[in-house]
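1. Using only what follows, build the 3D model:
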Amino acid sequence: MPVPSERSAEQKNQASMRPVFALGIAGFLANFDVTSVVVALPAIARELGLGTAGYAWIVDAYSLAFTGSLLIAGALTDRHGRRKALLAGNIVFVIASIACGIAWDSLSLILARAFQGAGAAFLITGAFSLIAGCYPDAKSRARAFSWLGVITGIGMALGPTIGGVVASHIGWRWIFLANIPACLLIAWYVPRLVAEHSEPSPRPLDLLGTALLTTALCMLVETLLHGQGSALRLGVGLVAAAALFAAFVVQQRRRTSPIFDPSVFLTRPMIGVAALLAAVSIGFWAMLVFLPPFLLAAFGWASDRVGLAMLAATLPMLIVPLIGGWLVERLGWRSYFAVALTIMACGNVLLIGAALTLGIALPAWLVLCGMATIGTGAALAHPQLTGAVVALVPPAQAGMASAMTVVMRQGAFAVGIAILGSLVSMPQQVAGYTVSFVVSVSACLCGVAAALLCLPATSAAARR
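-> Residues are numbered from 1 along each chain as shown. The predicted structure follows:
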């Protein structure tokens, strides 16, 4: 709880958006380091001698560590203080960024990326929880979260472009080293603007549940990336991952305060939401990781030009969500998400068409149109999924469901990268990416089916 001497600062925050911008730097960094590194991956792969599996692990190490750490970050943040948790995550993040910048081989970079992901989880959790504490008034809080969404969205959308320019003109290592000034700014700025907050009755830690879910995800990703050459290894790995997931569900059912309540997520609407989360993660976010090498193979573009081209897929995330809420009210959850995932599927079909015309002349405009179409569909679906979760579950379980939505989204992203990475047979040739595009189309169509079969027809019905 805020101490009395800090109450005046908290009251001033009600009329000021300065704390939002201070905390927004944390959200910006967490998202920026996911997308900025994507364009630099071909250069990293060349210098460190990475294959397709190592290429995928550079992103998945961050995502898996981020996912696992999210499960305990909330409880530790409430127990020891939200500002302390954010600043501790900031220290881990800056040290890990330096380690990424001086990495000498693939293993050192992958381990540093994992520590980056863990630090990012505490940055995000601390930032979002501190916003709620700084702005207890509902109207001010809504405006603060809107600004926070804009700042983090800028990091996500401009990450590939900035990363491409840095990798092309300075070197890929500076993508990570450039985090140092931002982390120093957080360390100096946040304590001066944001009061400490903690919960009098913090949630209990669930280390066993965290270990089970994280190990299951790591096992699944490792099996998909490295088990293709052996049917026995593939089968054993998939069975082991399924067993760990089942153990996690059983363990959660026995807890009085679970981080994941199976009774909530096994309802028909929530099964539909889970399928949509997976579809967006595979059809867009995981696809972003493989678009830069695809563009390199197709056109031979340098990193800075690839980064500019990636704006076609990422800029819709800053523009399209503005009309998402308006469309949901008029179309309802079922039709809205069906339309959004259909648009994503059409974008992937355009990429398949572009790849199949390689023997003649690959039309760059067709590739860019496909990327923009995928990005538009994802920009419609992605922001509204959290709103759907809050509307579709009982109010008392909305917080738990929202937190698990973030975990499911990150987990599906990591698994999606592993699936698509295992299907890229010839990364230096455009034809090698065709199967990945086909799988992305299939994932989007599964999302359409989930929306039509599982979600309520109207958003009013979904909100009960």
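2. Ile98 is in contact with Arg173, isn't it?
-> No. Judged on C-beta atoms under 8 Å, Ile98 makes no contact with Arg173 at a distance of 10.0 Å. The way it works is simple: take the backbone N, C-alpha and C, and place the C-beta from them, glycine included.
3. Share the number of residues neighbouring Val250, please.
-> 11 (other C-beta atoms under 10 Å).
4. Relative to Ile352, how far out is Val438?
-> 6 Å (C-beta to C-beta, to the nearest Å).
5. go on, Ala178?
-> From Ala178 to Ile352 the distance is 36 Å (C-beta to C-beta).
6. in which helix or strand would I find Ala379?
-> Assigned by DSSP states H and E, Ala379 falls within helix 364-392.
7. Check whether Ala401 sits in a helix, strand or coil.
-> State at Ala401, reduced to three classes by DSSP: H, G, I helix; E, B strand; the rest coil: helix.
8. What count of nearby residues applies to it?
-> Neighbours around Ala401, by other C-beta under 10 Å: 21.
9. Next: the one 10 residues further on.
-> Under the neighbour criterion other C-beta under 10 Å, Gly411 is assigned a count of 26.
10. Helix or strand for it, just tell me which one.
-> Counting by DSSP H and E, Gly411 is part of helix 398-423.
11. in that helix, what's buried?
-> For helix 398-423, burial by neighbour count (16 or more other C-beta atoms under 10 Å) applies to 400-401, 403-423.
12. swap in stretch 255-268?
-> Applying 16+ other C-beta under 10 Å to stretch 255-268 flags Pro258, Ile259, Phe260, Asp261, Val264, Phe265 as buried.
13. would you list those in a markdown table and tack on secondary structure?
-> Below are those laid out as a markdown table (three-state DSSP):
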| residue | secondary structure |
| --- | --- |
| Pro258 | coil |
| Ile259 | coil |
| Phe260 | coil |
| Asp261 | coil |
| Val264 | helix |
| Phe265 | helix |
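14. which one of those sits closest to Gly209?
-> Ile259 (5.8 Å; C-beta to C-beta).
15. Quick check: phi and psi at that closest one.
-> Main-chain dihedrals, Ile259, degrees, to the nearest 10: phi -80, psi -20.
16. May I ask you to name the longest helix in this structure?
-> For the chain, the helix with the greatest residue count under DSSP state H is helix 321-356.
17. And that helix, what does it pack against?
-> In terms of contacts (3 or more C-beta pairs under 8 Å, 6 or more residues apart in numbering; DSSP states H and E), helix 321-356 is packed against helix 268-280, helix 286-299, helix 364-392, helix 434-454, helix 459-462.
18. Please say which of Ile98 and Arg173 ends up with more neighbours.
-> Arg173 (19 against 16).
19. Chain neighbours aside, what residue packs nearest to the most centrally placed residue in the chain?
-> Residue closest to the average C-alpha location in the chain (C-alpha atoms, centre = their mean): Gln410, at 4.9 Å. Leaving aside its chain neighbours, Gln410 sits nearest to Thr67 (4.2 Å; criterion: C-beta to C-beta, 6 or more residues apart in numbering).
20. burial count for that neighbour?
-> 26.
21. Now that it has come up, it's in contact with Ala414, right?
-> Yes. Taking C-beta under 8 Å as the definition, Thr67 is a contact partner of Ala414 at 6.8 Å.
22. what touches both of these two?
-> Leu217 (C-beta atoms under 8 Å, 6 or more residues apart in numbering).
23. rank the helices and strands packed on helix 321-356 by mean pLDDT and give me the bottom one.
-> Across the helices and strands packed on helix 321-356, helix 459-462 has the smallest mean pLDDT, namely a mean of 46.
24. And Ala298, how far from Ala75?
-> For Ala298, the distance to Ala75 - C-beta to C-beta - is 46 Å.
25. try Leu213
-> 14 Å.
26. Comparing those two, which residue is more hemmed in?
-> Leu213 (25 against 20).
27. For the helix or strand that one falls within, could you pull out the residues that count as buried?
-> Using DSSP H and E, Leu213 sits in helix 207-226. For helix 207-226, a neighbour-count test (16+ other C-beta under 10 Å) marks 209-226 as buried.
28. For the helix or strand just after it, which outside residues touch it?
-> Moving toward the C-terminus from helix 207-226, the next helix or strand (DSSP H and E) is helix 231-253. Residues from elsewhere that reach helix 231-253, judged by C-beta under 8 Å, 6+ apart: 208-209, 212-213, 215-217, 219-220, 222-223, 226-228, 258-262.
29. CA atoms only for helix 231-253, dumped as PDB, please.
-> In PDB, the C-alpha atoms belonging to helix 231-253 read as follows (Å, rounded to 0.1, in the frame of the first residue of the first chain):
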ATOM      1  CA  ALA A 231       9.800 -40.500 -35.600                       C
ATOM      2  CA  LEU A 232      10.600 -42.000 -32.200                       C
ATOM      3  CA  ARG A 233      12.000 -38.700 -30.800                       C
ATOM      4  CA  LEU A 234       9.000 -36.800 -32.200                       C
ATOM      5  CA  GLY A 235       6.500 -39.200 -30.700                       C
ATOM      6  CA  VAL A 236       8.100 -39.400 -27.300                       C
ATOM      7  CA  GLY A 237       8.500 -35.600 -27.100                       C
ATOM      8  CA  LEU A 238       4.900 -34.900 -28.000                       C
ATOM      9  CA  VAL A 239       3.600 -37.500 -25.500                       C
ATOM     10  CA  ALA A 240       5.900 -36.100 -22.800                       C
ATOM     11  CA  ALA A 241       4.700 -32.500 -23.500                       C
ATOM     12  CA  ALA A 242       1.000 -33.700 -23.400                       C
ATOM     13  CA  ALA A 243       1.600 -35.500 -20.100                       C
ATOM     14  CA  LEU A 244       3.200 -32.300 -18.600                       C
ATOM     15  CA  PHE A 245       0.200 -30.200 -19.800                       C
ATOM     16  CA  ALA A 246      -2.200 -32.700 -18.300                       C
ATOM     17  CA  ALA A 247      -0.300 -32.700 -15.000                       C
ATOM     18  CA  PHE A 248      -0.500 -28.900 -14.900                       C
ATOM     19  CA  VAL A 249      -4.300 -29.000 -15.400                       C
ATOM     20  CA  VAL A 250      -4.700 -31.600 -12.600                       C
ATOM     21  CA  GLN A 251      -2.400 -29.600 -10.300                       C
ATOM     22  CA  GLN A 252      -4.400 -26.500 -10.900                       C
ATOM     23  CA  ARG A 253      -7.800 -28.200 -10.200                       C
END
